[in-house]
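S.K.: I'll drop the sequence and a predicted model, then ask my questions.
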Amino acid sequence: MSSSQPTEVAAHHPARWRSPSGWPLRTRLVAIMIALLALLGVAVGGTAEIYLRNQLYDRVNQQLSESSKRASGFWQGKGHPGDNGPDSPRPGAGDNRLPWAFPPGGAQPYSIYLYFATPGSATYQGGGVVDIKMPTSPSGSGGSSRLQLPQPIYNPVPPEVIGTLAAVPVGKTVTVDLSLGDYLAVSSTTNFGYGLVTALPLGEAQNTLLRVALFTGGSILITLAVAGWAGAVIVRRNLQPLARVAATATRVSELKLDHGEVRLAQRVPDQDTDPRTEVGQVGAALNRMLDHVGNALEARHASEMQVRQFVADASHELRTPLAAIRGYAELSRRSRQPMSQEIAHVFNRVESEAKRMTGLVEDLLLLARLDAGRPLAHDPVDLTMLVVDAVSDAHAAGPRHYWQLDLPEEPVLVTGDAARLHQVLANLLANARTHTPEGTTVTVSVGSTPEAAFLRVTDGGPGIPAELVSHIFERFARGDSSRSRAAGSTGLGLSIVHAVVTAHRGTVSVQSVPGQTVFTVLLPLHAAVPPAEQWARPRT
């Protein structure tokens, strides 16, 4: 098990508001609801607008047809303006009763009547834009004059309007864009053979359509705003059970499940496990999964505890017979009775293997105690003096290596177990001595940062194989011949380093390339090891 922290690689995700797939569920639901309402509003409003337009244009078309018929038979008779005498003679040249002298009866303001020499001709004869003139009372009338009604008159027509209306096909109703606005125009023939183009303004109809469109659009926007707010409240309230289920899953995901006793007390509330609802089905399934996972973790922890207890008991029980074997082997060598060379060699080998076995048992017992959470000492430790002592011991054990110190001017103090931290450094130095050739330089550095103190052991040996780096702190990890245990290593030294450093709430890591291997230990500067009473664990 490597102690190096895994590198978190940030996954690339598209921008949240560019990709609807990344929106929260409630946002998508509200957006879909608003989109549907918008489509329905546009469809209803558009249908109403089209219907109203057809009605208004049909009305204007009907008025145009009636106005054209009245103007086609109009002639200014002797009686009064607007007299349509079907039997009246055709006016001649210079006759002041020409049909384009006055607008026909019922003419609307801003309507246009143009008379041409013949139908389809561009020769303008008369007519114009209808205006309503208010009559003025003659001076000196004394106020006894009779009531006079407003009279329609013609205003001049711009030349470009005349040219556009002259091109209107005979017998067809068309919409023309004039400088005066949009008009609906029709070309016909009068009773006297003149060409007549009648045009009615569409401005009122268009203004009505615009006002209705603005009112409909504003109503749709207000409706969408109210629906969006209400929908957000309703969706948020209805998705609260799902949020509670997600919160439970999040709390479970934050638990450390890789080692030790794990209590999966987190469960989805009963109110969110109703199988009649979709969220309830998810909550019930999550609870069942947590039950299975909890049972599996309890079984795994029980199995680990049995193995640890077995290792601790076996290690403890083996210490006595191993001590007896070593004692008898040493006693046989001290016997005054002559002993053959072969028997002496046998006893030497027995004593040597008994020593190695004793070291292995001691290491296993220490690991078992650390795994069980046995308390460590909680005392101030001067890492500088610790390094000096450990390097002195390493120099005595490996005089053919070059040992160097890189120490700060001020002492580096941490809180922890001095004996165990000395064992950490001794194991790292023994590892460097054992797995590097004679003459290799080993440098031990001590330092601190605002948050932690560090120990660094650097050697110039052949390095660790790349495939072994990630497993270097596992128990009984074995390398190739370049890092063999020719000096009798048990394969547990680095495992003990990792276990002790972890018990001190620190980290240990390794970086290795051919020609340089660096082990780095980081320890918190303050309160690294909890007091012994905090290590007490409830037993079930």
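M.R.: Done, it's in. Numbers count the residues shown, from 1 in each chain.

S.K.: what pLDDT is listed against residue 464?
M.R.: We have a pLDDT of 86 for residue 464.

S.K.: is it in a helix, a strand, or coil?
M.R.: Look at residue 464: counting by DSSP: H, G, I helix; E, B strand; the rest coil, its state is coil.

S.K.: and it, how many neighbours?
M.R.: Residues near residue 464, counting by other Cβ atoms under 10 Å, number 22. (C-beta placed from N, C-alpha, C; glycine too.)

S.K.: quick check: it touching residue 516?
M.R.: No: applying Cβ atoms under 8 Å, one finds residue 464 not in contact with residue 516, separated by 10.6 Å.

S.K.: show me what the longest helix along the chain is packed against.
M.R.: Using DSSP state H to define each element, the chain has its longest helix at helix 278-333. Applying 3 or more Cβ pairs under 8 Å, 6 or more residues apart in numbering; DSSP states H and E, one finds that helix 278-333 makes contact with helix 240-253, helix 341-371.

S.K.: point me to the helix or strand that includes residue 391.
M.R.: Here residue 391, judged by DSSP states H and E, is contained in helix 383-397.

S.K.: now do residue 63
M.R.: Per DSSP H and E: residue 63 is located in helix 25-72.

S.K.: angle of that helix against helix 240-253?
M.R.: Here helix 25-72 runs at an angle of 150 degrees relative to helix 240-253 (axes from the mean of the first three to the mean of the last three Cα atoms, to 10 degrees).

S.K.: can you give the distance of helix 25-72 from its chain's centre?
M.R.: Averaging C-alpha positions (Cα atoms, centre = their mean, to the nearest Å) puts helix 25-72 41 Å from its chain's average.

S.K.: C-terminal to that helix, what's the next element?
M.R.: Next helix or strand after helix 25-72 toward the C-terminus (DSSP H and E): strand 112-116.

S.K.: tell me the strands beside that next one, with direction?
M.R.: Here strand 112-116 has these sheet partners by DSSP bridges: strand 124-133 (antiparallel), strand 195-201 (antiparallel).

S.K.: any idea which of these is most buried?
M.R.: strand 195-201 (a mean of 25; mean count of other Cβ atoms under 10 Å).

S.K.: following that strand, which helix or strand shows up next?
M.R.: Following strand 195-201 in sequence order, the next helix or strand is helix 203-238 (DSSP H and E).

S.K.: quick one: neighbours of the closest residue in space to residue 461 that isn't next to it in sequence, just the number.
M.R.: Nearest in space to residue 461, with sequence neighbours left out and distances taken as Cβ to Cβ, 6 or more residues apart in numbering, is residue 436 at 3.2 Å. Residue 436 has 21 neighbouring residues, counting by other Cβ under 10 Å.

S.K.: then residue 521?
M.R.: Residue 521 has 25 neighbouring residues, counting by other Cβ under 10 Å.

S.K.: go on, the one 4 residues further on?
M.R.: Counted with other Cβ under 10 Å, the neighbours of residue 525 add up to 15.

S.K.: am I right that residue 338 sits in a strand?
M.R.: No: under three-state DSSP, residue 338 falls outside any strand and is assigned coil.

S.K.: by contact count, what packs against the lowest-mean-pLDDT helix or strand in the chain?
M.R.: Across the helices and strands of the chain, mean confidence by mean pLDDT, DSSP states H and E is lowest for helix 341-371: a mean of 73. The contact analysis (3+ Cβ pairs under 8 Å, 6+ apart) places helix 341-371 against helix 278-333, helix 493-503.
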